[in-house]
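K.L.:
okay, sequence plus prediction incoming.
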Amino acid sequence: AMVGLGDVDNTSDANKPVSTATQTALDLKAPKASPTFTGPVTAPQYYNVTQPYGALPVWGVDVMRFGSDTSGQLAGFRNKIINGDCRVAQYGDVPISTLGTKYGGADRFLSYVTGFGTVSATLRAAPIGAITSTIYGSYQYYNNLTTTGSGGAGFLYRIERANVIHLNGKVVTFKCKVYQDTGGVVTFVTTLSKANANDDFSTSTQIGTLTNTVVPSGIWTVITGQFTLGASDASTGLQLSVMAVLGAVTGKVLATGDWQIEEGSIATPFEHRPYGLELSLCQRYFETIEYHIVSMYTISGNDCYTFV
């Protein structure tokens with residue numbers, strides 16, 4: 001039936017009734033201005049399926065973690081490796097012509113070559129920003145690697161005991177990137193060892209090895225995994241080895257970068273520290289010494305001096 005306008009109750013919005021259920025739900029909400037709570041407040045948290053922890057994620061990256069895992073981008077000095085992105089390179093290019101280990105290229109990194117009949121290469125660090133889309137800073141590499149027979153070529157890194165002794169009995173996570181251009185797949189073996197005497201790596205004992213990583217040619221590939229340290233494994237210092245198992249090759253490139261080892265079972269994004277800080281940390285282990293030689297001799301009664 002038609003309802004005349006005179007029969008309409010023109011109730012204002014403020015005076016319109018709501019259902020009991022709606023009013024109950026509204027009563028449970030706190031005001032935005034100066035709310036008062038009568039019980040504990042629970043905020044939403046993100047949880048890892050295998051190891052629960054609270055986190056503050058920003059664009060999918062945990063910038064801060066809470067609970068049993070307190071790493072995250074704001075924790076600072078999570079990475080126990082100095083110069084992990086290879087930006088500091090005070091050694092310059094170093095030729096490799098024998099088996100064994102040698103410092104060169106990026107500070108704190110050693111070459112490690114074993115098993116081949118012969119080897120020749122140049123160990124060097126790439127210019128900073130050479131691969132900006134893949135590597136944070138620079139990378140360490142063998143240039144023009146040529147070998148006969150079969151063996152392994154790779155990289156060593158040693159961490160003094162004072163920087164890792166607190167990791168005894170804990171799980172640590174290692175991550176790095178590697179590259180090779182042999183034209184085929186190459187197996188990389190990653191090993192963590194401990195020095196047999198305090199900061200003396202002339203002999204070492206293996207702690208563990210990651211599952212071998214098969215790396216395709218021409219593609220930067222991530223190697224990552226966890227190691228469980230014994231109660232005293234870190235007391236004498238730790239050594240990391242990442243080695244490519246190779247046959248005879250000619251004029252090839254073998255490279256690595258973005259090394260990180262951190263406490264916990266989660267591989268967090270690479271910790272990018274200021275260049276000046278990394279340089280100062282490296283200079284604790286590296287010193288350039290200048291020397292001068294003065295010689296004096298006599299020719300036919302005249303004194304002659306040579307300054308070098």
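P.N.:
Okay, I see it.
K.L.:
okay, which residue is most central for this structure?
P.N.:
In the chain, the C-alpha nearest the mean C-alpha coordinate belongs to Gln260, at 2.2 Å (Cα atoms, centre = their mean).
K.L.:
helices of this protein, start to end?
P.N.:
Along the chain, the stretches classed as helices by DSSP state H are 20-27, 275-283.
K.L.:
from Ile96, how far off is the residue nearest to the centre of the chain?
P.N.:
Gln260 is 25 Å from Ile96, where distance means Cβ to Cβ, to the nearest Å. The C-beta positions use only the backbone N, C-alpha and C, and glycine is treated the same way.
K.L.:
same deal with Val249?
P.N.:
Distance from Val249 to Ile96, by Cβ to Cβ: 13 Å.
K.L.:
what's the answer for Ser202, then?
P.N.:
For Ser202 relative to Ile96 (Cβ to Cβ), the value is 20 Å.
K.L.:
so those two - more neighbours on which side?
P.N.:
A direct count of neighbours by other Cβ atoms under 10 Å for Ser202 and Ile96 places Ile96 higher, at 20 against 7.
K.L.:
ok, and the closest non-adjacent residue to that one?
P.N.:
Ala121 (4.5 Å; Cβ to Cβ, 6 or more residues apart in numbering).
K.L.:
buried residues in stretch 91-104, which are they?
P.N.:
Of the residues in stretch 91-104, Tyr91, Ile96, Leu99, Lys102, Tyr103, Gly104 count as buried by neighbour count, 16 or more other Cβ atoms under 10 Å.
K.L.:
Thr148: which of these is nearest?
P.N.:
Ranked by distance to Thr148 (Cβ to Cβ), the buried residues of stretch 91-104 are led by Leu99 at 11.9 Å.
K.L.:
what about Lys248, how many neighbours?
P.N.:
I think there's a mix-up here, since residue 248 is Ala and not Lys. Ala248, neighbours per other Cβ under 10 Å, totals 13.
K.L.:
is it true that Thr114 touches Gly151?
P.N.:
Yes. Counting by Cβ atoms under 8 Å, Thr114 touches Gly151, with 5.4 Å between them.
K.L.:
return every residue with contacts to both of those two.
P.N.:
Applying Cβ atoms under 8 Å, 6 or more residues apart in numbering, one finds that Thr114 and Gly151 are jointly contacted by Leu99.
K.L.:
re earlier: wouldn't the residue nearest to Ile96 be in contact with Thr146 here?
P.N.:
Yes. If you go by Cβ under 8 Å, Ala121 and Thr146 touch, sitting 6.8 Å apart.
K.L.:
neighbour count for these two, which is higher?
P.N.:
Ala121 (24 against 15).
K.L.:
spit out the contact partners of the more buried one.
P.N.:
Residues in contact with Ala121 (Cβ under 8 Å, 6+ apart) are Pro95, Ile96, Tyr142, Asn143, Asn144, Leu145, Thr146, Ala153.
K.L.:
for Lys102, see how far away the second one is.
P.N.:
Spelled out, that is Ile96. 6 Å.
K.L.:
repeat that for the first one.
P.N.:
Remark: distance between Pro95 and Lys102 (Cβ to Cβ) = 9 Å.
K.L.:
what do those two both touch?
P.N.:
Leu123.
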